[in-house]
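Participant: pasting a predicted model and its sequence here:
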Amino acid sequence: MAWEARMASKDAEQILVVPRAALMPDAVHGFRPGPAQEYVERVRAHGVFKRRGDVEQDPSIKQIIPYLMVRHGGRIFVFQRSAAGGEARLHGKYSIGVGGHINRSDVEGDVDLLEAGLRRELEEELVVDARWRPRLVGVLNDDTNPVGGVHFGLVHVVDVDSPHIAVRESDTLTGRLADSDEVRGLYERMETWSQLILDAGDPVRL
């Protein structure tokens, strides 16, 4: 019953979405690095909040995901999901970023919903004891599977002034800073979005 209650609660969340046709007039596949402000403007112009349970199976609607890659001193923070995480398919998988939906309840009253959603995601997932600076570096879309088909990533690099970075929920995630060679060595064990970013280049150099 506890699991059913959690799923019902997730389905009831009001999350930020944009109609696919308004967000992507041209097809996007994989990670597209470079200027991406046009996508931000489309989200601001056409974004609405909808019940998560109503859009999870609807590829005509894209759920907006701020995806954050955290860096310090030429190294990327690498995450690994533990067996305690909620999604069994991701247990043990590595990632070079974290991302999440923008929930109405978390950003209501904020002038910039994207900035507020990004900040909430970082502060929810990590403990950072120094100044940090986010920068939009591209967008990510993967329509090759049902989950990717309903999500769209606004990919940011977050540069942190200190190496003292830790995951907040250590029972479900672990993490550490890694250089480019270490990151590449984990490629086969990574989540799809991380692989797509690595396919496009070196995230340390973005």
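Facilitator: Okay, I see it.
Participant: so what's the residue count around the residue nearest to Gly74 when sequence neighbours are not counted?
Facilitator: Nearest non-adjacent residue to Gly74, counting by Cβ to Cβ, 6 or more residues apart in numbering: Val204, 5.7 Å away. Backbone N, C-alpha and C define where each C-beta goes, glycine included. A count of nearby residues for Val204, using other Cβ atoms under 10 Å, gives 17.
Participant: also Gly185?
Facilitator: The criterion is other Cβ under 10 Å. On that basis, Gly185 has 12 neighbouring residues.
Participant: next, it: phi, psi?
Facilitator: Backbone torsions for Gly185, taken as degrees, to the nearest 10, come to phi -70, psi -20.
Participant: kindly report the same for Ser170.
Facilitator: Ser170 has phi and psi values of phi -70, psi -10 when expressed as degrees, to the nearest 10.
Participant: separation between it and Leu113?
Facilitator: If you measure Ser170 against Leu113 using Cβ to Cβ, to the nearest Å, the figure is 29 Å.
Participant: out of those two, name the residue with the larger neighbour count.
Facilitator: A direct count of neighbours by other Cβ under 10 Å for Ser170 and Leu113 places Leu113 higher, at 19 against 12.
Participant: hang on, the more buried one packs against Gln14?
Facilitator: No: with contact defined as Cβ atoms under 8 Å, Leu113 and Gln14 do not form a contacting pair (11.9 Å).
Participant: run through this structure and note the low-pLDDT ranges.
Facilitator: Counting by pLDDT under 70, the low-confidence segments of the chain come to 1-8, 83-91.
Participant: in it, which helix is the longest?
Facilitator: Among the elements of the chain assigned as helix by DSSP state H, the one spanning the most residues is helix 113-125.
Participant: for that one, what is the distance to the chain centroid?
Facilitator: Averaging C-alpha positions (Cα atoms, centre = their mean, to the nearest Å) puts helix 113-125 10 Å from its chain's average.
Participant: neighbouring contacts of it?
Facilitator: Applying Cβ atoms under 8 Å, 6 or more residues apart in numbering, the external contacts of helix 113-125 come out as 16, 40, 43-44, 47, 64, 66, 68, 70, 98-103, 106-107, 110, 128, 132, 134, 154, 156, 158, 167-169, 173.
Participant: cool, and stretch 12-27?
Facilitator: Residues external to stretch 12-27 that are found in contact with it (Cβ under 8 Å, 6+ apart): 39, 42-43, 45-53, 55, 59-64, 101-105, 107, 113, 117, 141, 152.
Participant: list the buried ones in that stretch?
Facilitator: 13-18, 20, 23-24 (16 or more other Cβ atoms under 10 Å).
Participant: among those, which are located in strands?
Facilitator: If you go by DSSP state E, those have 14-18 in strands.
Participant: closest to Gly34 out of these?
Facilitator: Proximity of these to Gly34 (Cβ to Cβ) peaks at Val18, which lies at 19.9 Å.
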